[in-house]
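[1] dropping the sequence and predicted coords here.
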Amino acid sequence: TPMFTLFPYTTLFRSQIDAMLDGKPFILHPMEGSSVFINQPDRFEIPEDVIVVGMENAENFMQIRLQRWLFDALFPGRQLLFVCRYPQENLEHLRSWLLRIPNHYIHFGYFDLAVVHIYLSEFYAHLGNRSSFLVPSDIEERLAEGNAALYNQQYARFRNMAVTEDRKSTRLNSSHQLIS
């Protein structure tokens with residue numbers, strides 16, 4: 001059965017997202033500590049102005065309220081709908097849903113080569129300019145405290161990765177310089 005997990009979020013954490021499921025009104029407003037499972041994504045609609053944020057890992061997804069400051073600063077007053085790409089079986093259903101809706105998709109995860117590869121191959125390759133990769137404003141500080149051994153391991157695997165999105169290419173080259 002097709003399904004994916006989502007979690008609605010707004011900058012106020014009090015607002016709801018007025019969605020539609022099977023042509024009927026469906027209000028998204030889960031309590032803290034809960035999320036919503038959609039098992040009919042082909043019948044699920046959200047307003048066009050809602051930004052869909054794909055979470056790279058389940059732990060981040062379940063603790064998104066701890067990162068509220070980041071999203072409040074980047075998207076003040078905007079409605080955000082967080083979706084989780086895990087478990088991996090969800091990916092195809094999530095991507096099919098994203099292709100069907102006009103909403104902008106933002107990929108949020110660790111800033112490492114493996115995650116950039118996932119974004120480029122699993123989302124940008126299909127959604128094009130309707131997608132983007134969230135790069136926090138303090139990325140240089142984060143990279144300076146990064147794990148050099150993990151970076152070197154990933155670099156060996158992804159050093160020839162074709163970065164087809166110009167917005168990422170500049171940041172990725174800067175990242176190589178900061179970490180090297």
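    Structure's in. What do you need?
[2] Leu81 pairs with what?
    Beta-bridge partners for Leu81, by DSSP bridges, are Pro8, Val52.
[3] on the pLDDT front, check it for me.
    We have a pLDDT of 90 for Leu81.
[4] hmm, it is touching Ser15, no?
    No. If you go by C-beta atoms under 8 Å, Leu81 and Ser15 don't touch, sitting 11.5 Å apart. For the C-beta atoms, the positions are set from N, CA and C on the backbone; glycine is no exception.
[5] higher neighbour count, these two?
    Taking neighbours as other C-beta atoms under 10 Å, Leu81 and Ser15 compare with Leu81 leading, 21 against 14.
[6] how close does the more buried one get to Leu91?
    Counting by C-beta to C-beta, to the nearest Å, the gap from Leu81 to Leu91 is 17 Å.
[7] equivalent analysis for Gln153, please.
    Relative to Leu91, and taking C-beta to C-beta, Gln153 is found at 23 Å.
[8] may I have the secondary structure class of the residue nearest the centre of the chain?
    Nearest to the geometric centre of the chain sits Gly54, at 2.2 Å (C-alpha atoms, centre = their mean). When classified by DSSP: H, G, I helix; E, B strand; the rest coil, Gly54 comes out as strand.
[9] and the helices in the chain, which stretches?
    Assigned by DSSP state H, the helices in the chain fall at 58-62, 68-74, 90-100, 113-118, 125-127, 139-144, 148-158, 166-179.
[10] where does the chain dip in pLDDT?
    1-14, 87-89, 154-180 (pLDDT under 70).
[11] ok, now with 50
    Scanning the chain for pLDDT under 50 picks out 9-12, 167-180.
[12] who touches both of Leu81 and Ser15?
    Shared contacts of Leu81 and Ser15, defined by C-beta atoms under 8 Å, 6 or more residues apart in numbering, are absent.
[13] restricting to C-alpha, output stretch 145-156 in PDB.
    Written as PDB, here are the backbone C-alpha positions of stretch 145-156 (Å, rounded to 0.1, in the frame of the first residue of the first chain):
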ATOM      1  CA  GLU A 145      33.500  21.300  13.200                       C
ATOM      2  CA  GLY A 146      32.700  18.500  10.900                       C
ATOM      3  CA  ASN A 147      34.000  14.900  10.800                       C
ATOM      4  CA  ALA A 148      37.100  14.900   8.500                       C
ATOM      5  CA  ALA A 149      37.300  11.000   8.500                       C
ATOM      6  CA  LEU A 150      33.700  10.800   7.300                       C
ATOM      7  CA  TYR A 151      34.200  13.500   4.700                       C
ATOM      8  CA  ASN A 152      37.300  11.700   3.300                       C
ATOM      9  CA  GLN A 153      35.300   8.400   3.100                       C
ATOM     10  CA  GLN A 154      32.500  10.100   1.300                       C
ATOM     11  CA  TYR A 155      34.800  12.100  -0.900                       C
ATOM     12  CA  ALA A 156      36.400   8.900  -2.100                       C
END
